[in-house]
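1. Any chance you can model this:
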Amino acid sequence: MRLAALILGLLTALPSLAAEREVAPGEGSLAAAIAGATPGDVLILEGGAYSGPVTIDRPLVLTGPATAVVDGLGQGSVITIAAPDVVLKGFTVTGSGGRNEDLDSGVKILKGADRAVVEGLTLTDNMHGIDVHGGRDARVTGNTITGRRHHQMNQRGNGIYVWNSPGTLLDGNTIRYGRDGIFSNASADSIYRNNVMRDLRFAVHFMYTRNTEVSGNISIGNHLGFAIMFSDRGKILNNLSLGDREHGLMLNYANNADVTGNLIRGGTKKCLFIYNAHKNLIWNNRFQNCGIGLHFTAGSERNVLTGNAFIANREQVKYVGTRFMEWSHEGRGNFWSDHPAYDLNGDGIADATYRPNDLMDHILWSQPAAALLTGSPAVQLIRWSQSSFPATLPGGVTDSHPLMHPLTIPVPPEVEAYEAEAAGRWAQGNYDDIDPDDLGAH
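-> The predicted structure follows:
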């Protein structure tokens, strides 16, 4: 009994042995401080250069100003977290190795390193900024990540890579350059919110990710905004895609998603691309000034679209298929800026059905050369006949209850300034050497 009481007393006293320890800059000083630290210690970095790489193998707090720079000197990952309850805060991390196959990173969080906190770091010139690689319940917040700018975008690393790390919170990070802003692979039950991502391939890229929320994020001037692929039960809420090139939002083999409150605007070939995606609720979004408002194909079924606004898209809908599809729900459809609607009873629902496509659209999609005939009397007669006699339509999208007024989604002035900076870049041919066929690469 006395021995047990003594052991219990020693274990209880361990936290009281933790201390704050100042660490002076210099070669090997950080590694030595970690090796000599007691679990729970707070290591305070002074301004200056610290050589890496280093591994944190016990619960510690490592904090310092942005002028404290931990440099990996081009070797592997700069800081590897290999213990639970580690906190990194405030300083600068740079100089990882360049091996993408090894996921060389500024900060790497390993399996078993649960509840890691990475807050307010400045990460520059690393292959990957932060790699959450198996650790559960990580909190990655308020970091500024500037990736590398190799001329081939697919050879760069990601701002934040999350692999098999349930419970991850990514909040308030700013990510620029590199490959993808956030790449979530084989993970689940996480929240990615309020991140700003610019000049990337994808802002957010999901592969085999389940039950994860993507909310309040801002994608500006990327090749693709939000790519939700082979994933289930995602919540894509209140995000902005401004001036992205290929798609603002892509649902590719994505099922059971809630897509709500998003604004996709300007510069984009397709605001929303739905490919073989099923049972998704797509409501109260605004799709504006894209080449195609919504491209819908590959047998996608049982999706609900209601309350959305399709505004000034060159082509509002491209539906590749012959089935009849109703895009309204419980008497509420969507707003279409090209619908010459009237509302005699003033209930906010247009009195005439909206059909975005006709037989000639299907012909033009399959035979682009037929565009030479679009102004001919025969084509105009066909289009008039189908608008007057809808029963002759070959299948397609119908909105039986189109809305009279669009919803609005405000954009903060500082974000509009970023949007203006990116405006027109794709028209100028600044494709950053990316092949559109590589957009599915991961």
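2. give me the element Lys279 is part of.
-> Of the helices and strands defined by DSSP states H and E, none includes Lys279.
3. so the closest residue to it other than its chain neighbours, which of the three states?
-> Leaving out its chain neighbours, the residue that sits closest to Lys279 by Cβ to Cβ, 6 or more residues apart in numbering is Arg302, at 4.7 Å. All C-beta spots, glycine's among them, are computed from the backbone N, C-alpha and C. When classified by DSSP: H, G, I helix; E, B strand; the rest coil, Arg302 comes out as coil.
4. How many residues are close by Asn239?
-> Asn239: 28 surrounding residues under other Cβ atoms under 10 Å.
5. Could you measure from it over to Gly72?
-> For Asn239, the distance to Gly72 (Cβ to Cβ, to the nearest Å) stands at 33 Å.
6. Now do the same for the residue nearest to Lys279: its pLDDT.
-> We have a pLDDT of 91 for Arg302.
7. pretty sure it contacts His278?
-> Yes. Between Arg302 and His278 there is a contact under Cβ atoms under 8 Å: 5.6 Å.
8. Compare the two and say which is more crowded by neighbours.
-> Set side by side, Arg302 and His278 show more neighbours around His278, with 16 against 10, by other Cβ under 10 Å.
9. Glu301 is in contact with the more buried one, correct?
-> Yes. At 5.2 Å, His278 counts as touching Glu301 under the criterion of Cβ under 8 Å.
10. need the helices for the protein, in chain order.
-> 2-17, 29-35, 359-366, 377-388, 413-422 (DSSP state H).
11. Now do the same for Val320: its pLDDT.
-> 74.
12. Would you check how far apart Ser219 and Gly348 are?
-> Counting by Cβ to Cβ, the gap from Ser219 to Gly348 is 31 Å.
13. the more surrounded of those two?
-> Taking neighbours as other Cβ under 10 Å, Ser219 and Gly348 compare with Ser219 leading, 26 against 12.
14. Hmm, the more buried one is touching Asp244, no?
-> Yes. At 5.7 Å, Ser219 counts as touching Asp244 under the criterion of Cβ under 8 Å.
15. Show me whatever sits in contact with both of those two.
-> Shared contacts of Ser219 and Asp244, defined by Cβ atoms under 8 Å, 6 or more residues apart in numbering, comprise Ala203, Gly225.
16. So what sits opposite the closest residue to Ser215 other than its chain neighbours in the bridge?
-> In space, and not counting its chain neighbours, Ser215 is closest to Leu237: 4.1 Å by Cβ to Cβ, 6+ apart. On the basis of DSSP bridges, Leu237 is bridged to Ser215, Thr260.
17. mind listing what Leu237 touches?
-> Glu213, Val214, Ser215, Gly216, Asp258, Val259, Thr260, Gly261, Asn262.
18. where does the stretch 151-300 of the chain have low pLDDT?
-> Along the stretch 151-300 of the chain, segments meeting pLDDT under 70 span 298.
19. 80 instead, please
-> Scanning the stretch 151-300 of the chain for pLDDT under 80 picks out 151, 267, 298-299.
20. Using CSV, write out the CA atom coordinates for stretch 292-301.
-> Backbone C-alpha positions of stretch 292-301 (Å, rounded to 0.1, in the frame of the first residue of the first chain) are rendered in CSV as follows:
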residue,chain,number,x,y,z
ILE,A,292,-21.8,27.0,-67.7
GLY,A,293,-23.8,27.5,-64.6
LEU,A,294,-24.3,23.7,-63.9
HIS,A,295,-22.9,20.8,-66.0
PHE,A,296,-24.8,17.7,-65.0
THR,A,297,-23.8,14.3,-66.4
ALA,A,298,-23.0,10.6,-66.0
GLY,A,299,-26.2,9.3,-64.5
SER,A,300,-26.3,11.4,-61.4
GLU,A,301,-29.6,10.7,-59.6
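21. Just the buried positions in it, please.
-> For stretch 292-301, the neighbour count (16 or more other Cβ atoms under 10 Å) marks Ile292, Gly293, Leu294, His295, Phe296, Ser300 as buried.
22. what do you get for stretch 177-192?
-> 177-185, 187-190, 192.
23. got it, and stretch 97-115?
-> Neighbour counts over stretch 97-115 (16+ other Cβ under 10 Å) mark 97, 100, 103-110, 113-115 as buried.
24. Repeat that for stretch 249-259.
-> Leu249, Met250, Leu251, Asn252, Tyr253, Ala254, Asn255, Asn256, Ala257, Val259.
25. With adjacent residues omitted, what lies nearest to Asp189?
-> Pro166 (4.6 Å).
26. what's near enough to touch the residue lying closest to Thr122 once chain neighbours are set aside?
-> Counting by Cβ to Cβ, 6+ apart, Thr92 is the residue found nearest to Thr122 once chain neighbours are left out, at 4.4 Å. Thr92 makes contact with Ala66, Thr67, Ala68, Val69, Val70, Leu121, Thr122, Leu123, Thr124, according to Cβ under 8 Å, 6+ apart.
27. if we go to 7 Å?
-> Contacts of Thr92 were listed using Cβ atoms under 7 Å, 6 or more residues apart in numbering, and they are Ala66, Ala68, Val69, Val70, Thr122.
28. how close does it sit to Glu416?
-> 30 Å.
29. again, but for Pro25
-> According to Cβ to Cβ, Pro25 and Glu416 sit 41 Å apart.
30. who has more neighbours, the two?
-> The residue with more neighbours, out of Pro25 and Glu416, is Pro25; 18 against 13, by other Cβ under 10 Å.
31. any idea of the pLDDT on the more buried one?
-> The model reports Pro25 with a pLDDT of 97.
32. surely it meets Gly64?
-> No. Between Pro25 and Gly64 there is no contact under Cβ atoms under 7 Å: 9.7 Å.
33. hmm, back to that, what's the closest of the buried residues of stretch 177-192 to Asp41?
-> Ser190 (29.3 Å; Cβ to Cβ).
34. what number of residues lie near the closest residue to that closest one other than its chain neighbours?
-> Using Cβ to Cβ, 6+ apart and skipping residues adjacent in sequence, the residue nearest Ser190 is Thr168, 4.2 Å away. Burial of Thr168 is recorded as 26 neighbouring residues (other Cβ under 10 Å).
35. before we move on, what about the one 3 residues further on?
-> Using other Cβ under 10 Å, Asp171 has 17 neighbouring residues.
36. That one pairs with what?
-> Beta-bridge partners of Asp171, as defined by DSSP bridges: Thr141, Arg193.
37. go on, His247?
-> His247 forms beta bridges with Leu224, Lys270, as assigned by DSSP bridges.
38. That one touches Ile274, doesn't it?
-> No. At 10.0 Å, His247 does not count as touching Ile274 under the criterion of Cβ under 7 Å.
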